[in-house]
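S.K.: Build the 3D model from these lines:
(one chain, ligands or ions: 1)
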Amino acid sequence: MGSELWNEVDQYFARKLLMDDELERVLGANREACLPEIDVSPLQGKFLTLMAQMKGAKRVLEIGTLGGYSTICLAKGIGVDGRVLTLEVDQAHALIAEGNIRRAGFHEQVEVLVGSALDTLPKLKEAGHVFDLVFIDADKENNPRYLEWALALTTSGSVIIADNVVRNGEVVDAASTDGRVIGIREYVDLAQRDPRIESTAIQTVGSKGYDGLVISVVK
Ligand SMILES: C[S@@+](CC[C@H](N)C(=O)[O-])C[C@H]1O[C@@H](n2cnc3c(N)ncnc32)[C@H](O)[C@@H]1O
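M.R.: The predicted structure is shown next:
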């Protein structure tokens, strides 16, 4: 079994379960702008929408916007009275995301905050923000810092999701010198020992290869 079959199965489920021209347009715009194709897959995006719905999330924080694909998926799950704040270090990515968010009709609900997430997160804390759902999908090297901030910016019952935690299985390589793998392993260590959260991991295969998510709930 290999990635060709994963892809075919992904396409099968996407054809059956996803009917969203708007999101297809976002991917088209991202391709046209030559963004790297490192957004979540369409089925994973729908998972984020459903997760926000299941949680009844109204206040969502995303770390790592790119072209706003996952941002829009999250916005679709929060209803008209919800709000997504998404953090992006790259001004060019943020501009593309803002265009996509506007065209998708979510500009009233979504704000893209440009700057290094580690500079923006303390400002969100100072401003008194509390989030129901946090999606972490930026520079994996900083994942343990992002989990600390997520914990500082959430409350009992909040959900924290970290993407790309499997990396083709590299996560089990304790000798890895890849800063992203080290960041993820430190994130998992923190999730293991921090008494404030309960966590699990889900391995995924599909159009984005072999990867996975860590999902935590704040106690
Ligand atoms: C994997 S992409 C995000 C994909 C997006 N969540 C999606 O699924 O559509 C990671 C993004 O994080 C941004 N990023 C990297 N380091 C960052 C940092 N220190 N602060 C904020 N954003 C950062 C990158 O510029 C990139 O756009």
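S.K.: Pull out the buried positions in the longest strand along the chain.
M.R.: Using DSSP state E to define each element, the chain has its longest strand at strand 154-163. The neighbour-count check on strand 154-163 (16 or more other C-beta atoms under 10 Å) flags T154, S158, V159, I160, I161, A162, D163 as buried. Placement of C-beta: from N, CA and C, glycine included.
S.K.: Now the element after it, going C-ward?
M.R.: Going down the chain from strand 154-163, the next helix or strand is helix 179-193, by DSSP states H and E.
S.K.: roughly how far out does the next helix or strand along the chain from that next one sit from the chain middle?
M.R.: Of the helices and strands lying after helix 179-193 in sequence (DSSP H and E), the nearest is strand 197-204. Offset of strand 197-204 from its chain centre (C-alpha atoms, centre = their mean, to the nearest Å): 14 Å.
S.K.: Bridge partners for the residue nearest to the spatial centre of the chain, pull those for me.
M.R.: In the chain, the centroid-proximal residue (C-alpha atoms, centre = their mean) is F135; its distance is 3.9 Å. Going by DSSP bridges, F135 is paired in beta bridges with E62, I161.
S.K.: Verify the stated contact: it with S158.
M.R.: No: between F135 and S158 there is no contact under C-beta atoms under 8 Å: 11.7 Å.
S.K.: What sits closest to L121 if chain neighbours are left out?
M.R.: The shortest distance from L121 to any non-neighbouring residue, by C-beta to C-beta, 6 or more residues apart in numbering, is to W149 (4.2 Å).
S.K.: ok, now which ones touch that neighbour?
M.R.: A117, L118, L121, P122, K125 (C-beta atoms under 8 Å, 6 or more residues apart in numbering).
S.K.: could you redo the last one with a cut-off of 10 Å?
M.R.: L61, I63, A117, L118, T120, L121, P122, L124, K125, V134, I136, N142 (C-beta atoms under 10 Å, 6 or more residues apart in numbering).
S.K.: Could you identify which of these has the most neighbours?
M.R.: Using other C-beta atoms under 10 Å as the neighbour criterion, L61 leads these with 31 neighbours.
S.K.: doesn't L151 make contact with it?
M.R.: No: applying C-beta atoms under 10 Å, one finds L61 not in contact with L151, separated by 11.9 Å.
S.K.: and for those two, which residues touch both?
M.R.: V134, S158, I160.
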